[in-house]
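Quick one: sequence plus predicted model below, questions after.
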Amino acid sequence: MNTMLLHCRPGFEGEVCAEISELAAHLDVAGYAKAKPNSACAEFICTEPGGAERMMRKLRFNQLIFPRQWARGEYVELPETDRIGVLLEALADYPVCGSLWLEVLDTNEGKELSTFCRKFEKPLRAALTKAGKLKDDPRLPRLLLTFRSGREAFVGLAESNNSALWPMGIPRLKFPREAPSRSTLKLEEAWHHFIPRADWDKRLAPGMTAVDLGAAPGGWTWQLVQREIKVTAVDNGPMAESLMYSGFVEHQRADGFTFKPRRPVNWMVCDIVEKPARTAALIETWLGEGWCQEAVVNLKLPMKQRHAEVQKLLARIDTGLKARGLKVSIACKQLYHDREEVTCHLRRL
Ligand SMILES: C[S@@+](CC[C@H](N)C(=O)[O-])C[C@H]1O[C@@H](n2cnc3c(N)ncnc32)[C@H](O)[C@@H]1O
């Protein structure tokens with residue numbers, strides 16, 4: 001049970017390997033990472049007893065940038081018939097679990113397998129419950145079964161309060177038809193990921209103020225307006241008319257990189273496609289000058305060395321803000337709705 005399986009966006013396996021290897025070295029856990037290109041997952045093989053469990057205990061899942069989901073466990077080969085019997089045997093050494101998720105990888109084969117998983121889940125759940133291996137208790141570890149095919153599954157464990165919020169790290173968000181662009185889901189997902197639900201009414205409260213840099217046509221502004229937040233939408237492009245009728249939006253045709261708010265705002269959000277170093281400097285200015293309390297900003301990724309570049313920019317922002325004597329929490333994640341980018345969240349403490 002000493003391998004970690006980490007799901008990710010296809011094409012980002014190398015970033016996951018680099019990130020988890022760096023963290024393992026930092027925690028002094030011996031092991032190595034491996035991944036096949038475009039497999040939508042990476043493995044970290046721990047070469048010391050209990051290494052995977054120690055890593056998952058010491059790390060907070062929501063601090064990882066590229067992994068969408070993680071679990072510690074091992075691969076089990078499954079026969080054509082009586083898969084449940086073989087899984088029960090494999091689970092003999094596993095603790096009793098408090099919930100069960102059946103997962104697949106974010107690949108075409110994975111999509112094909114999800115129908116099988118849906119059919120398999122009910123009898124499996126019943127058999128695990130009957131065998132005393134599954135109870136309904138969030139304090140117990142979650143059993144995560146990732147199917148690579150109908151003949152092979154990774155039988156993994158993760159704590160329900162220290163792993164992805166949704167199976168495979170894929171949020172179940174419905175695209176609101178009135179929103180002006182699909183990007184709207186990116187900001188909604190960011191809120192789910194970075195802000196505990198219990199804080200939404202306090203930190204995304206009616207009457208708050210926000211600046212949306214690179215706002216057009218208005219998917220992010222739409223999310224803010226839904227929460228009755230007053231938005232200054234900065235973009236030379238046109239905003240969706242429906243949003244302008246809401247009475248919550250002021251459109252400023254200006255350059256987001258030189259725009260300065262008349263008075264500090266609660267939120268700055270930015271979805272401008274720009275070189276990441278320039279966006280990172282913008283983040284530092286907004287938080288550093290006290291122009292906003294919190295920010296959600298998209299950082300576009302370079303073609304190569306994406307993990308190293310993100311780490312370098314986050315460290316630069318952190319150093320810059322500390323040099324100003326400020327306490328700011330900084331988090332970063334490649335969200336499901338992010339493509340060649342990551343999303344950063346910053347909050348002045
Ligand atoms: C990806 S789109 C934003 C989509 C928007 N978040 C939404 O949900 O509808 C990027 C926007 O940034 C704007 N943009 C690019 N450079 C800009 C700049 N320097 N200042 C302000 N806006 C800029 C573009 O006009 C474009 O509308």
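On my side now, so go ahead.

list the helices and strands the lengthiest helix in the chain packs on?
Identified as the longest helix of the chain according to DSSP state H is helix 108-130. Counting contacts by 3 or more CB pairs under 8 Å, 6 or more residues apart in numbering; DSSP states H and E, helix 108-130 packs against helix 83-90, strand 99-104, strand 142-149. For every residue, glycine as well, the C-beta is placed using N, CA and C.

Of those, which stretch is the most buried?
strand 142-149 (a mean of 22; mean count of other CB atoms under 10 Å).

Please compute how far it lies from its chain's middle.
19 Å (CA atoms, centre = their mean, to the nearest Å).

Show residues contacting it.
Contacting residues not belonging to strand 142-149 are listed as 5, 7, 41, 69, 71, 73, 75, 87, 91, 94, 97-105, 109, 113, 116-117, 124, 128, 133-134, 153-160, 163 [CB atoms under 8 Å, 6 or more residues apart in numbering].

need the residues of the chain near the ligand, please.
Residues of the chain found near the ligand (CB under 6 Å from any ligand atom) are 180-181, 183-184, 213-220, 234-237, 255-257, 271-273.

Sort out for me which of these are in helices.
Checking these against DSSP H, those in helices are 184, 219-220.

can you pick the most crowded of these?
Each of those was scored for neighbours by other CB atoms under 10 Å, and Trp220 scores highest at 29 neighbours.

and the gap between Leu124 and Leu78?
Note on Leu124: its distance to Leu78, by CB to CB, to the nearest Å, is 11 Å.

Need the residues touching each of the two.
Leu87.

And for the closest residue to Arg83 other than its chain neighbours, the neighbour number?
Using CB to CB, 6 or more residues apart in numbering and skipping the chain neighbours, the partner closest in space to Arg83 is Phe120 (7.3 Å). Neighbourhood size, Phe120 [other CB under 10 Å]: 19.

and if you look at Ala323?
10.

how is this protein carved up into domains?
3-169, 184-348 (automatic domain parsing).

Take the ones you listed and write them to JSON lines, including mean pLDDT.
Below are the domains of the chain laid out as JSON lines (pLDDT from 0 to 100):
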{"stretch": "domain 3-169", "mean pLDDT": "96"}
{"stretch": "domain 184-348", "mean pLDDT": "97"}
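
Quick one, which of those gets closest to Phe175.
domain 184-348 (6.2 Å; CB to CB).

one step back: what subset of the contacts of strand 142-149 is buried?
For the contacts of strand 142-149, a burial check counting by 16 or more other CB atoms under 10 Å picks out 5, 7, 41, 69, 71, 73, 75, 87, 91, 94, 97-98, 100-105, 113, 117, 124, 128, 133-134, 153-158, 160, 163.

re earlier: could you dump the domains of the chain to CSV with distance to Pro176?
Shown next, in CSV, are these (distance: least, CB to CB, whole Å):
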stretch, distance to Pro176
domain 3-169, 18
domain 184-348, 7
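
Which secondary structure elements does the helix or strand encompassing Trp222 sit against?
Assignment of secondary structure by DSSP states H and E places Trp222 within helix 219-226. Helices and strands touching helix 219-226, by 3+ CB pairs under 8 Å, 6+ apart, are helix 184-194, strand 209-213, strand 230-234, helix 241-244, strand 265-270.

which one of the ones you listed lies closest to Cys46?
helix 184-194 (26.8 Å).

So which elements touch that closest one?
helix 219-226, strand 292-300, strand 328-333, strand 341-348.

On the three-state scheme, the closest residue to Cys17 other than its chain neighbours is what?
Residue nearest to Cys17 in three dimensions, not counting chain neighbours: Ala33, with 3.8 Å by CB to CB, 6+ apart. Using DSSP: H, G, I helix; E, B strand; the rest coil, the structure places Ala33 in strand.

Check the one 3 residues further on too.
Classification of Lys36 by three-state DSSP places it in coil.

what sits against it?
So Lys36 contacts Glu13 (CB under 8 Å, 6+ apart).

before we move on, what about Gly98?
Counting by CB under 8 Å, 6+ apart, Gly98 has contacts 134-142, 160.

cool, Ser246 as well?
Counted by CB under 8 Å, 6+ apart, Ser246 has contacts Val225.

State whether it is indeed within a helix.
No: Ser246 is assigned coil when assessed by three-state DSSP, not a helix.

State the distance from it to Arg262.
Ser246 sits 20 Å away from Arg262, going by CB to CB.

just to revisit the earlier point, for Met168, find the nearest of the helices and strands packed on helix 108-130.
strand 99-104 (4.9 Å).

Dump that closest one to CSV, restricted to CA.
In CSV, the C-alpha atoms belonging to strand 99-104 read as follows (Å, rounded to 0.1, in the frame of the first residue of the first chain):
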residue,chain,number,x,y,z
SER,A,99,-17.1,6.1,2.0
LEU,A,100,-16.5,4.7,-1.5
TRP,A,101,-15.8,6.5,-4.8
LEU,A,102,-15.2,4.7,-8.1
GLU,A,103,-13.0,6.8,-10.3
VAL,A,104,-11.5,6.7,-13.8
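
Could you tell me the angle between it and helix 108-130?
160 degrees (axes from the mean of the first three to the mean of the last three CA atoms, to 10 degrees).

Mind giving me the packing neighbours of strand 99-104?
So strand 99-104, by 3+ CB pairs under 8 Å, 6+ apart, packs with helix 108-130, strand 142-149.

neighbouring strands for it, and are they parallel or not?
According to DSSP bridges, strand 99-104 has the following sheet partners: strand 142-149 (parallel).

can you give me the angle the partner strand makes with helix 83-90?
Going by the same axes, to 10 degrees, strand 142-149 makes 130 degrees with helix 83-90.
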